[in-house]
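**Student:** For reference, the sequence and a predicted model appear below.
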Protein chains: 2
Amino acid sequence: MSTTAPRTTVARRPRARKGEGAALRDEILAATERLLLETGSAEAVSIRAVADRVGVTPPSIYRHFDDKNDLIFEVCAGHFAALDEFLASASEGVDDPVHRLRAMGLAYMRFGMANPEPYRILFMTRADDTPEEYQAVVLRDNAAFEQVRRCAQECIDAGRFRPGFTDAYRLAIGFWARVHGLTSLLVAKPQFPWPADRDAFVAEYASICLAGVVRDE
Amino acid sequence: MSTTAPRTTVARRPRARKGEGAALRDEILAATERLLLETGSAEAVSIRAVADRVGVTPPSIYRHFDDKNDLIFEVCAGHFAALDEFLASASEGVDDPVHRLRAMGLAYMRFGMANPEPYRILFMTRADDTPEEYQAVVLRDNAAFEQVRRCAQECIDAGRFRPGFTDAYRLAIGFWARVHGLTSLLVAKPQFPWPADRDAFVAEYASICLAGVVRDE
DNA sequence: GAGATAACGTAACGTCGTTAACTTCGGCCG
DNA sequence: CGGCCGAAGTTAACGACGTTACGTTATCTC
């Protein structure tokens, strides 16, 4: 269906000592991460390829991860902390809450474009493929979303939004959805005839997303 | 990885007569469509299950379709005409171009929610999984997008957009991206804690998307 | 009625995720 | 020091998948 992962056989890994089985876990995560980057698709990275890369047999993976989905999501969840930090550092030093919202939106889109496959896996896959523990944690209770929600609340408190827009949670979801819209389309359809000045278009898009709720000055 | 498709063996289909091999093609499409609806996932509908359903052996599928991707996309492409018609009939009789834009946006989101898996396959899958002929046709040159672009142009001509927004193509992409944002998140993460009054939220969202570019009255 | 050919079927290849059952190594207790 | 137990893997295999090479059967044409 799609290209398979490369399978470079490698020297067999020495067995870990008694209490240190978790070392293999980290190596598996690292190898999966690299393979995900190389292939650019979660379906193309097979358990067998990961095992080969680490120098271990496929069933050994299952000692450390429930199944393939669990492994892939564990890898992508690592990118979540990065997203959170990325948003935080992007909005750092920006005093105006509206400008801060804009900075976070831009950072979000840039993050998606820079990490397309993790983004796809986290935000664009069906819920059934998402392990239980991530359904709530990764989406709602994650720090990135909370940053946006708090910033929206600050905008409300500062009277920067048009009348009627008073629910920060609702507004945060809306912002997220709009910014996700362009991000996901860029990720899914990079060959679409996007405007030539892509960065400028993205910046303009961010402004439009804000203009929908921000009070005119 | 995920649940497999049901495999109810069925009476073997009588062979088609000489010029009528295309009849099987239609039956395959219909069976695939039904299986897609039942399983709710393209990965869960296997070539073998489709063949079983039709009463034919798996290799026979390949006489009529290049591969599985081709088959699935052929099915989903059928939904495109429906989307186009749905947008047209939703905007029919709406004189004001801004209101028409809004009507189309709402219709688009409703369409996605009503046909989640086709929507997912068409708009949320990676470009590599999209057959050549759909990359341009289905996305840019499709009638639905053209409707939005034309409507945006009418808004421009009527002076309904804020100064600076003069490129209908650019604006149409932006509208599409915003509306797609919420649609795709609803499709991908239905269990997310969305606002309780979902329909009202969607309607509000559509208004916000427009308010980003529409001139205040 | 014979040959061409469209419309399938048979058998198989290689891949995948996953599981059951076995083996080997290392630390601890007596 | 020796035995043992559990951690850390391996071996072998199952069933399903997409896909292909090749054989077969029925229908149309002449």
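**Tutor:** Noted; the coordinates are in hand.

**Student:** For the residue nearest to A:Val148 when sequence neighbours are not counted, give me the backbone phi and psi.
**Tutor:** For A:Val148, ignoring the flanking residues on the chain, the nearest one in space by C-beta to C-beta, 6 or more residues apart in numbering or on different chains is A:Ala172 at 4.7 Å. Every residue, glycine included, has its C-beta placed from N, CA and C. A:Ala172 has phi and psi values of phi -60, psi -40 when expressed as degrees, to the nearest 10.

**Student:** Isn't A:Ala172 up against A:Ala144?
**Tutor:** No: using C-beta atoms under 8 Å, A:Ala172 makes no contact with A:Ala144, being 10.4 Å away.

**Student:** quick one, the host helix or strand of A:Gly181 and helix B:168-188 angle?
**Tutor:** Under the criterion of DSSP states H and E, A:Gly181 resides in helix A:168-188. Between helix A:168-188 and helix B:168-188, the angle comes out at 110 degrees (axes from the mean of the first three to the mean of the last three C-alpha atoms, to 10 degrees).

**Student:** what packs against helix A:168-188?
**Tutor:** In this structure, helix A:168-188 packs against helix A:97-114, helix A:116-123, helix A:143-157, helix A:198-211, helix B:168-188, helix B:198-211, with contacts taken as 3 or more C-beta pairs under 8 Å, 6 or more residues apart in numbering or on different chains; DSSP states H and E.

**Student:** Minimum distance to DNA strand C: which of the ones you listed has it?
**Tutor:** Across the helices and strands packed on helix A:168-188, DNA strand C has its closest neighbour in helix A:116-123 (13.8 Å, C-beta to the nearest atom of the strand).

**Student:** other SSEs contacting that closest one?
**Tutor:** Where contact means 3+ C-beta pairs under 8 Å, 6+ apart, helix A:116-123 is packed against helix A:22-39, helix A:68-91, helix A:97-114, helix A:168-188.

**Student:** Tell me which residue of chain A lies closest to DNA strand D.
**Tutor:** A:Gly21 (2.4 Å).

**Student:** and that residue, how many neighbours?
**Tutor:** Here the count is done by other C-beta atoms under 10 Å in any protein chain shown, and A:Gly21 has 13 residues near it.

**Student:** you'd agree it is up against A:Arg63?
**Tutor:** Yes: at 7.1 Å, A:Gly21 counts as touching A:Arg63 under the criterion of C-beta under 8 Å.

**Student:** So for the residue nearest to A:Val148, what's the pLDDT?
**Tutor:** According to the prediction, A:Ala172 has pLDDT 97.

**Student:** wait, what's in contact with A:Lys154?
**Tutor:** To be clear, residue A:154 is Glu; Lys isn't right here. By C-beta atoms under 8 Å, 6 or more residues apart in numbering or on different chains, the residues touching A:Glu154 are A:97, A:100.

**Student:** For chain A, which residues score under the pLDDT cut-off?
**Tutor:** Applying pLDDT under 70 to chain A picks out residues A:1-10, A:127, A:132-141.

**Student:** Near DNA strand D, which residues of it? Just list them.
**Tutor:** For chain A, the residues in contact with DNA strand D (C-beta under 7 Å from any atom of the strand) are A:1, A:12-13, A:15-24, A:56-60, A:63.

**Student:** Repeat the analysis, applying 6 Å as the threshold.
**Tutor:** A:1, A:12, A:15-16, A:18-21, A:24, A:56-57, A:59-60, A:63 (C-beta under 6 Å from any atom of the strand).

**Student:** gap between the residue of chain A found nearest chain B and A:Arg12?
**Tutor:** When scored by C-beta to the nearest C-beta, chain A has A:Gly181 as its residue closest to chain B, at 2.4 Å. Computed as C-beta to C-beta, to the nearest Å, the A:Gly181 to A:Arg12 distance reads 47 Å.
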